[in-house]
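Participant: fold the stuff below for me.
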Amino acid sequence: MSSFVGTVLLGSGESLCVPPSSPPDEPGLESCTRHEGLGWAIRHRLRVVTPEDRLEDQPLPAWGDGWVCFAGRLDGLPHLASALNMRSAGMADGALACRALERWDCDAPARLIGDYALAAWHPAERRLILAADPQGMRSMYYWRKDDTVIFSTTLHGLLAMPQVSRAIDQRHVADYLAMNYGDADTTFYRDIRKVIPGTCVVITQGSIRTVEAHRFDPERRIRLKDDGAYVETARALLDQAVADRLRAVGPVPISVSGGLDSACVAASVHTRAPSTKLLTAMAGPGAIGIRKGRGYADERPLVEILARALPGLDAEFHVASPNTDWSPDSHLSTAHSGAPYRNPAHLAWFGGVYRRAAALGAHSILTGNAGNMTLTWDGRRGLLSALRQGRIVRLARELAMGSRGSPRTLAGTIWKHLVLPLKGQQQLSGELRSYSALSPQAMREFDILDRMRARGNDTGFVLQGDSRRMRIQSLLRSRHARSDVMNMLRGLYGLDILIPLNDVRLVEFCLAIPEEQFLKDGTDRYLARRLLRKAGVPHAITENRQRGRQHPEWFAHMTEAAPSFPAQMERLRRSPTVGRLIDLDRLDHLIGAWPANAQAAERQRKTYGALMNAALSVGAFIAWTEGTN
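Facilitator: So this is what the prediction gives:
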């Protein structure tokens, strides 16, 4: 695993370019190595996460006088090595990526599986290749002016260069506040571009072109012999994804909750590393009581059941430290990624888990993220597919069995999963204002509602009507900012976040199999529940329909930070950019109308827990970039 910054001159290469600054300090990064040639310079820092990382010697020579720089981890190494007529044993991942580029050039990223970013320089053709993995786990940013290109695996690597402006891309910020996510090469900075996940950017003196390396196919279908075969195949793919991510130096703990996603990962890990630590973020004082049937706040009972069912897995529970900074302008995100984070309080809430993982000597941590659109998909959007296909018997059966005799549940299912998707995507300013503090001026100036329509987004988050296309759109939306978050967590804790349920091979399988594998006889998340039953996970988890509440003491923590809000607002009002993009008067009103207690706040969680946190943290980020903080 690496972090690097590089500079190339696209012209004749007869001169030396200005060397880049060293990649910023992060936990676990080794000292900087410097490499220079005519027309190029690289600064590289190694982080050892896998045993093979010790074999890295970057940049790797390619195309004679050229080179490849690689950051991340490749999966499916035997298959890739076989295609290259090589042996993977004793080779660093970057060396295999380098040979792949020499063999297949800019078509090589289409053959790579894993979490990676790379840069490659072909001197004879004066051509720079930049690529990033399809799921946004690793990032590649670049800046170009005339014949000079500066590229980096982090935003800070570019921002450290004096010629790179920190000027904000206000349209990008407006999209972010409106949650108008989608694939684009823009960043929070006007002059910095990002390699879109799953693509390869080829830069020459006369052109910049983007080559698609990966695309999820909504038309692909997989049919197996019976229901059991789907479970067996899903488990095999999950086990492969987990095994690839357990190739690590030191322990690999799991961040777990009581949900199905975490249980799937834990069940797979148990067969390979039965002494693994389960680390759970726990609610502390001030947790809001949740009404029966609306979820649960305490993860401990279900996690303890999971640990007892999988002997050897050791459960630990961590409450946020009493001196945790809950203020939205704490700059935890900005200082380590160069980008804002919508809800820094959630980051602080999980901080105890990440700090404990680092204290255990871990260089990486597994999570159960991303399952909702893949292995643990609930299947309910498939009801619309049944209606459109004229499968009325299936539709009626699932509605009847899923409602379990409750007219209210039946009506809610019909409204959410049939009526709203049939109505189609809508862009409503009232809905937008319910979750975003974007100013009315910015909404008009940047045509936000039209931009959402153009990207296929909508203010009600209905997205696509078709189940598979909706899931693909959600996956693409999720990867929009993932690399910024991954960089932030590496910078804060020195940890690589590993997400087996996000593995491309598993995702593509889950997208292609019949909808009945996810919803059958009224049972949602049917595939994951069957997989866990077969793994011996108890009924209390496999049949649980309740959802755990992330950060249930959010209002207590926001109230703890509230005394700092007037000073934050004063700083934000000093920035014309913040005033243009964010409705500061509305924020002042929310602060003045502070809820009387946690129960009152829970009824306004979208406003106070999401809208306000996002607005204050984005405002603090803008003030940081402008120096007005």
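
Participant: with only the CA atoms kept, save the strand or helix carrying S385 in PDB.
Facilitator: S385 belongs to helix 382-388 when assigned by DSSP states H and E. Extracted in PDB, the C-alpha atoms of helix 382-388 (Å, rounded to 0.1, in the frame of the first residue of the first chain):
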ATOM      1  CA  GLY A 382     -38.600  -6.300  -7.100                       C
ATOM      2  CA  LEU A 383     -42.300  -6.000  -6.400                       C
ATOM      3  CA  LEU A 384     -42.500  -3.300  -9.200                       C
ATOM      4  CA  SER A 385     -40.700  -5.700 -11.600                       C
ATOM      5  CA  ALA A 386     -43.300  -8.400 -10.800                       C
ATOM      6  CA  LEU A 387     -46.100  -5.800 -11.500                       C
ATOM      7  CA  ARG A 388     -44.600  -4.700 -14.800                       C
END
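
Participant: can you tell me the average pLDDT over it?
Facilitator: The average pLDDT within helix 382-388 is 94.

Participant: what is the helix or strand that comes right after that helix packed up against?
Facilitator: Using DSSP H and E, the helix or strand that follows helix 382-388 in sequence is helix 392-403. When contacts are defined as 3 or more CB pairs under 8 Å, 6 or more residues apart in numbering; DSSP states H and E, helix 392-403 packs onto helix 382-388, helix 407-414, strand 519-520. For every residue, glycine as well, the C-beta is placed using N, CA and C.

Participant: mind listing what W63 touches?
Facilitator: By CB atoms under 8 Å, 6 or more residues apart in numbering, the contact set of W63 is 102, 122-124.

Participant: for those residues, which one is nearest D261?
Facilitator: Using CB to CB, E102 comes nearest to D261 of the contacts of W63, at 38.8 Å.

Participant: distance check, the closest one against E212.
Facilitator: Separation of E102 from E212 (CB to CB, to the nearest Å): 21 Å.

Participant: with neighbour numbers in mind, choose between these two.
Facilitator: Ranked by neighbour count (other CB atoms under 10 Å), E102 and E212 place E102 first, with 18 against 12.

Participant: what about the more buried one, which helix or strand?
Facilitator: Counting by DSSP H and E, E102 is found in helix 93-104.

Participant: what comes up buried for that helix?
Facilitator: 93-102 (16 or more other CB atoms under 10 Å).

Participant: with stretch 61-81 instead?
Facilitator: 62-63, 66-77, 80-81.

Participant: sort out for me which of those residues are in strands.
Facilitator: The strands, defined by DSSP state E, take in 62, 66-75 from these.

Participant: quick one: the strands in the stretch 451-600 of the chain, in order.
Facilitator: Under the criterion DSSP state E, counting those that start in this stretch, the stretch 451-600 of the chain contains strands at 496-498, 519-520, 523-524.

Participant: if we can go back for a sec, mind putting the buried residues of helix 93-104 in a markdown table, distance to A315 included?
Facilitator: Shown next, in a markdown table, are the buried residues of helix 93-104 (distance: CB to CB, whole Å):
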| residue | distance to A315 |
| --- | --- |
| D93 | 32 |
| G94 | 36 |
| A95 | 39 |
| L96 | 37 |
| A97 | 37 |
| C98 | 42 |
| R99 | 43 |
| A100 | 41 |
| L101 | 44 |
| E102 | 47 |
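
Participant: of those residues, just say which sits nearest to H551.
Facilitator: Looking across these and measuring by CB to CB, the closest to H551 is D93, at 35.4 Å.

Participant: quick one: residues contacting that closest one.
Facilitator: By CB under 8 Å, 6+ apart, D93 lies in contact with 50, 52-53, 70, 72-74, 77, 114, 116.

Participant: in space, what's closest to it - neighbours in sequence excluded?
Facilitator: L74 (4.3 Å; CB to CB, 6 or more residues apart in numbering).

Participant: which ones are touching that neighbour?
Facilitator: 80, 93, 96-97, 112-114, 116.

Participant: is it bridged to anything, and to what?
Facilitator: G114 (DSSP bridges).

Participant: how near is it to P109?
Facilitator: Counting by CB to CB - L74 and P109 are separated by 11 Å.

Participant: rewinding a little: out of the helices and strands packed on helix 392-403, deepest packed?
Facilitator: strand 519-520 (a mean of 24; mean count of other CB atoms under 10 Å).

Participant: avg pLDDT for that strand?
Facilitator: 96.

Participant: can you list the strands that that strand pairs with?
Facilitator: Applying DSSP bridges, one finds strand 519-520 paired with strand 523-524 (antiparallel).

Participant: show residues contacting the strand it pairs with.
Facilitator: By CB under 8 Å, 6+ apart, the list of residues contacting strand 523-524 reads 378-380, 401-402, 518, 529, 545.

Participant: Provide a PyMOL selection command restricted to the buried entries of those.
Facilitator: Entered in PyMOL, the line below selects the buried ones among the contacts of strand 523-524, by 16+ other CB under 10 Å:
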select buried, resi 378+379+380+402+518+529
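
Participant: span of stretch 354-363 from start to end?
Facilitator: 10 Å (CA to CA, to the nearest Å).

Participant: now do it, average pLDDT.
Facilitator: Mean predicted confidence for stretch 354-363 is 95.

Participant: from the chain's centre, how far out does that stretch sit?
Facilitator: Here the centre of stretch 354-363 is set off from its chain's centre by 20 Å, with CA atoms, centre = their mean, to the nearest Å.

Participant: which parts of that stretch are buried?
Facilitator: 354-358, 362-363.

Participant: and what of stretch 283-303?
Facilitator: Under 16+ other CB under 10 Å, the buried positions of stretch 283-303 are 283-284, 287-288, 290, 296-299, 302-303.
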